[in-house]
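Participant: fold the following for me, if possible:
(chains A, B, C and D)
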2 protein chains.
Amino acid sequence: MTELEKGPKGRRRGRGARERILSASQQLFREQGINRTGMDQLCAAAQVSKRTAYQHFTGKDELVAEYLRGFDPSVLSGVFDRTDLTPRERLLAAFDIPPTTPLCPYIGAAVELHDPEHPASQYAREYKKAVAARLADAAREAGAADPEQLGEQLALLIDGAAARTRVLNADAFPTAAAIAAVLIDNAIPATAGDDRRREEVPS
Amino acid sequence: MTELEKGPKGRRRGRGARERILSASQQLFREQGINRTGMDQLCAAAQVSKRTAYQHFTGKDELVAEYLRGFDPSVLSGVFDRTDLTPRERLLAAFDIPPTTPLCPYIGAAVELHDPEHPASQYAREYKKAVAARLADAAREAGAADPEQLGEQLALLIDGAAARTRVLNADAFPTAAAIAAVLIDNAIPATAGDDRRREEVPS
DNA sequence: CGTTATGTACACCGATCTGTTTGCTTACGG
DNA sequence: CCGTAAGCAAACAGATCGGTGTACATAACG
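Facilitator: The predicted model follows:
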């Protein structure tokens, strides 16, 4: 926070224009979408001159990609690092994101940009794969028979809840969580109480 | 086809400009997205003058809404009217849409327009609810314990597969179908089908 | 035939978009 | 304390956007 260093080149003179730009991006891109947010408006909200903005980012495309990158720690790490939960609870905790997240920004970016080659689209793909992989890890810890499959399934549920929440304007994550519970119980061979791992496979 | 009638007022003089416009919409909005398709380009593709286009549609917004409306019969009716399938098969048939559908246009429209009050957004919501309702009907026919819940769950799976297919650029419908099979077998009490499941329904 | 709806061609409008330029101010840091 | 880099303000470019205006062509009916 107190450190005002920039990403590229060790320069650290500035007064935090880059941070304000990214912060404004997070707010405006989420509230209005990417395409409907012009650079003029964004710079005004960030209290940054356009000149400065284009010195920090080569263009809007790069800014969008960087904006997506800013979500990583809050979403991905926040859920999976909770050691106070059992693996099964950790899997279900991924569906407890009701208040803050109006729509997964990765899906939004992929749809709005509409170009699979766009840096932001590529990053969104990469991120979604990473989430599925971490879910698979947790599934493996929980003793799932086919962790990769369960991870992919749970990831699909999250995306479905996000998309459906957006279209219907109503929270769909509880439904997704209910499905997840079924899938998890179904995929873990002989779940005694919760997180006990068994090797025996039902005939 | 030989009938060249327009939707509003029984007028039938023209040579089919409206149809060409809608046809071009379906292609371009899907290929490039809504926001990235200008009216100029669209009119050129439809071989229609801009003036004519704005005589048929009051604006792009109305055109987008009408474009969405054009999907109804092909998707919704095509699956549920198949009497040759058992209710269970009919539920699963909803996930067999691999070739033609790159992304659910309703999700795309809702994300791109980014305005829940937009006519097209409202229609998308309405349509998604209708799909869930029809799935619930089929679930009831299949003897599901809680048809509404199962219908909503299957609808979420479809949306999840659509969103994930878009973001990852890889078909996610098989995964969704696998989940659907589990949910269906889990929700149908003890049918003479093939699978027996614990009645461990999530409370 | 002539009337009339339908469609065409094309210039044009104002707004907005991404991105650039010029000239100036401010605030570190040595 | 002074140089230098960071940042600011505002006009500007060029493109594209959605949408109109005007004048002209054509097809379908009576």
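Participant: A:Asp84: neighbour count?
Facilitator: 6 (other C-beta atoms under 10 Å in any protein chain shown). Where you see a C-beta, it was placed from the backbone N, CA and C, and this is true even at glycine.
Participant: just say helix, strand or coil for it.
Facilitator: Under DSSP: H, G, I helix; E, B strand; the rest coil, A:Asp84 falls in the coil class.
Participant: just the helices in chain A please.
Facilitator: Listed in chain order, the helices of chain A (DSSP state H) span A:17-32, A:39-46, A:50-56, A:60-69, A:72, A:78-80, A:87-93, A:105-113, A:119-141, A:147-168, A:173-187.
Participant: want to throw those helices into JSON lines with distance to DNA strand D and mean pLDDT?
Facilitator: Shown next, in JSON lines, are the helices of chain A (distance: least, C-beta to the nearest atom of the strand, whole Å; pLDDT from 0 to 100):
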{"stretch": "helix A:17-32", "distance to DNA strand D": "4", "mean pLDDT": "92"}
{"stretch": "helix A:39-46", "distance to DNA strand D": "8", "mean pLDDT": "93"}
{"stretch": "helix A:50-56", "distance to DNA strand D": "4", "mean pLDDT": "92"}
{"stretch": "helix A:60-69", "distance to DNA strand D": "12", "mean pLDDT": "95"}
{"stretch": "helix A:72", "distance to DNA strand D": "23", "mean pLDDT": "73"}
{"stretch": "helix A:78-80", "distance to DNA strand D": "29", "mean pLDDT": "70"}
{"stretch": "helix A:87-93", "distance to DNA strand D": "38", "mean pLDDT": "88"}
{"stretch": "helix A:105-113", "distance to DNA strand D": "14", "mean pLDDT": "95"}
{"stretch": "helix A:119-141", "distance to DNA strand D": "20", "mean pLDDT": "94"}
{"stretch": "helix A:147-168", "distance to DNA strand D": "22", "mean pLDDT": "96"}
{"stretch": "helix A:173-187", "distance to DNA strand D": "33", "mean pLDDT": "95"}
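Participant: can you tell which of those helices is closest to B:Lys128?
Facilitator: helix A:147-168 (5.4 Å; C-beta to C-beta).
Participant: buried ones in that closest one?
Facilitator: A:147, A:149-168 (16 or more other C-beta atoms under 10 Å in any protein chain shown).
Participant: from these, which are also near chain B?
Facilitator: Near chain B, judged by C-beta under 8 Å from any C-beta of the partner chain, the entries from the buried residues of helix A:147-168 are A:149, A:152-153, A:155-164, A:166-168.
Participant: show me which residues of chain A sit near DNA strand C.
Facilitator: With C-beta under 7 Å from any atom of the strand as the criterion, chain A comes near DNA strand C at residues A:12-13, A:15, A:35-41, A:50-51, A:54, A:59-61.
Participant: pull out the buried residues from these.
Facilitator: Buried members of those, counted by 16+ other C-beta under 10 Å: A:35-37, A:60.
Participant: and which of these is nearest to B:Pro119?
Facilitator: A:Arg36 (17.0 Å).
Participant: quick one: the closest one and chain B, what's the gap?
Facilitator: For A:Arg36, the distance to chain B equals 6 Å [C-beta to the nearest C-beta, to the nearest Å].
Participant: please apply the same query to A:Ala187.
Facilitator: From A:Ala187 to chain B the distance is 9 Å (C-beta to the nearest C-beta).
Participant: quick check: that residue touching A:Ala139?
Facilitator: Yes: counting by C-beta atoms under 8 Å, A:Ala187 does reach A:Ala139; the two are 7.1 Å apart.
Participant: overlap in contacts of the two?
Facilitator: A:Leu150 (C-beta atoms under 8 Å, 6 or more residues apart in numbering or on different chains).
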